[in-house]
Structures are given as C-alpha cells and as structure tokens.
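Novice: What would the 3D arrangement of this be:
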Amino acid sequence: MDIRASAIRRALHDESGGITVLALFSLVLMVLCLGFGIDACNLYRHQNMLRMAADAAAHAGASALARGASPEAAEAAAMDMLALNMPLDPEGSLLADRATDLRALVVNTVDGKLSLPDPDTPANAMLVSLQRSETARNPVPTFVLGLFGVESWSTGASSVAMVGTTRRCGNAAGLFADGPITIGLNGLGLQPSDGLCLHSQE
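Specialist: Predicted coordinates for the structure are as follows:
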C-alpha cells in the first residue's frame, strides 16, 4: 500500500514533459495570431477594393445621368465601370442581386431618402452595393485560419453618387479657369460661369 501511494505521489510531482506541452501550446497560439493578422489584412484589402470599385461605378452612373442618360443607360455605364475595376473572374459576381444592388434611384435632397424614379421624379443618383459573401457565392477565403475551421469571411461596400447642388461649397471652392474646363474621357466641357462645384465625401 505504501509503495503504491509513493508511486502516485511521484507521478503527481513529476514535471518532465511539461516544457514540451507549453511549447506546443505557444506554437499553436502563435500560428493562430499570425493567421489572424494575415487573413485580417487580406480582408481589409478586399474591403478597400470593393469600396473603390463601388465608388467608381456609382460615379460613372451618376455622370451618365448628369449628361441626360436614361436610368437604364446609366446603369449600363456603372456596370461597364465595375467590369473595368473588378472583373468577374475569379471573384464571381459582386452583385448578390442585380435588380437591387446596382440601380438608378432618386435621392430626396431634404431627408436623403432613396426611392425609385417615376415620370414626375427622374433618377438623380446611382446606387452600387458590392459584396464578397456566401450569399453572392464568392466569400473572401482565408489562408491560415482555415486550419482552425474559419474557411472564409464576408465583406461588402456600398456607394451612392448623386447629381445635384450642394451647400458645402463656398465662394472659394471649385475649379476656375480663363476658358472651358474639360472633365471626363469624353471631353465634357463646362464653363466657369456654369457654377461647377466638385464635392466628395464618405
């Protein structure tokens, strides 16, 4: 009985192998932290790409509306710009629902609410909502975190560009020149007397 009790006490106080267990735990923790850092940076990169692509597409559609294009033509212009910035391959479609994620709308200049255009209120804005998600069947894959069961992340970005006046520009704001100011690839000429004001915000 004493021999058995002595063996149990020795086993309980034996610390051999403890360093190995601690080292393995630390290694797993470091890999997890490294994986989170790598995959988080990759997610942030994709978020920025989506935001810039959504901004460019929305501005392209709004520019078309400013030139008198129909809502359908403005949406086509936005789609063309989107295709230039974010090709469908290999991400797949960035529009989960084409009918709602990219369309010409009406922005109420009083309360900022969005609504569908009608014959009395023509479209004055372009909405573009992009996403990398399970819904769109194109989530952002993870690299290291996949080893721990996190195989993908979802993210998205939306942008609305509106054609209209703004009160944010003062007398000193804007572009000034002695002659016409040419804006855009198609050479849209605007005179300084037209009261041009360029404004952008998040």
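
Novice: mind checking which helix or strand residue 77 is in?
Specialist: helix 71-85 (DSSP states H and E).

Novice: So which elements touch the helix or strand that that helix is followed by?
Specialist: The helix or strand immediately downstream of helix 71-85 is helix 98-101, counting by DSSP H and E. Packing contacts for helix 98-101, counted by 3 or more CB pairs under 8 Å, 6 or more residues apart in numbering; DSSP states H and E, involve strand 125-132. Every residue, glycine included, has its C-beta placed from N, CA and C.

Novice: Which strands border the very next helix or strand once past the strand it packs on, and is each parallel or antiparallel?
Specialist: Downstream of strand 125-132, the first helix or strand assigned by DSSP H and E is strand 140-141. Strand 140-141 pairs in its sheet with strand 152-153 (antiparallel), by DSSP bridges.

Novice: Tell me, please, where in this protein the pLDDT is lower than the cut-off.
Specialist: 1-18, 87-92, 165-202 (pLDDT under 70).

Novice: Which helix runs longest in the protein?
Specialist: helix 18-66 (DSSP state H).

Novice: how about the nearest residue to residue 154, chain neighbours excluded?
Specialist: Leaving aside its sequence neighbours, residue 154 sits nearest to residue 133 (CB to CB, 6 or more residues apart in numbering; 3.7 Å).

Novice: wait, residue 61 sits on residue 80?
Specialist: No - at 9.6 Å, residue 61 does not count as touching residue 80 under the criterion of CB atoms under 8 Å.

Novice: These two - which one has more neighbours?
Specialist: Remark: of residue 61 and residue 80, residue 61 carries more neighbours, 35 against 13, as counted by other CB atoms under 10 Å.

Novice: I'd guessed residue 95 sits against residue 132; true?
Specialist: No - judged on CB under 8 Å, residue 95 makes no contact with residue 132 at a distance of 11.3 Å.

Novice: Give me the more crowded residue out of these two.
Specialist: Legend: neighbour count by other CB under 10 Å for residue 95 and residue 132, higher for residue 132 (26 against 18).

Novice: Beta-bridge partners for that one, please?
Specialist: residue 155.

Novice: So it versus residue 75, what's the distance?
Specialist: 21 Å (CB to CB, to the nearest Å).

Novice: ok, now which ones touch residue 42?
Specialist: Residue 42 makes contacts with 140, 142-143, as judged by CB atoms under 8 Å, 6 or more residues apart in numbering.

Novice: can we see that at 7 Å?
Specialist: residue 140 (CB atoms under 7 Å, 6 or more residues apart in numbering).

Novice: List the buried residues of the helix holding residue 77.
Specialist: Residues 71, 74-79, 81-82, 85 are the ones in helix 71-85 that count as buried (16 or more other CB atoms under 10 Å).

Novice: Perfect, I'm done here.
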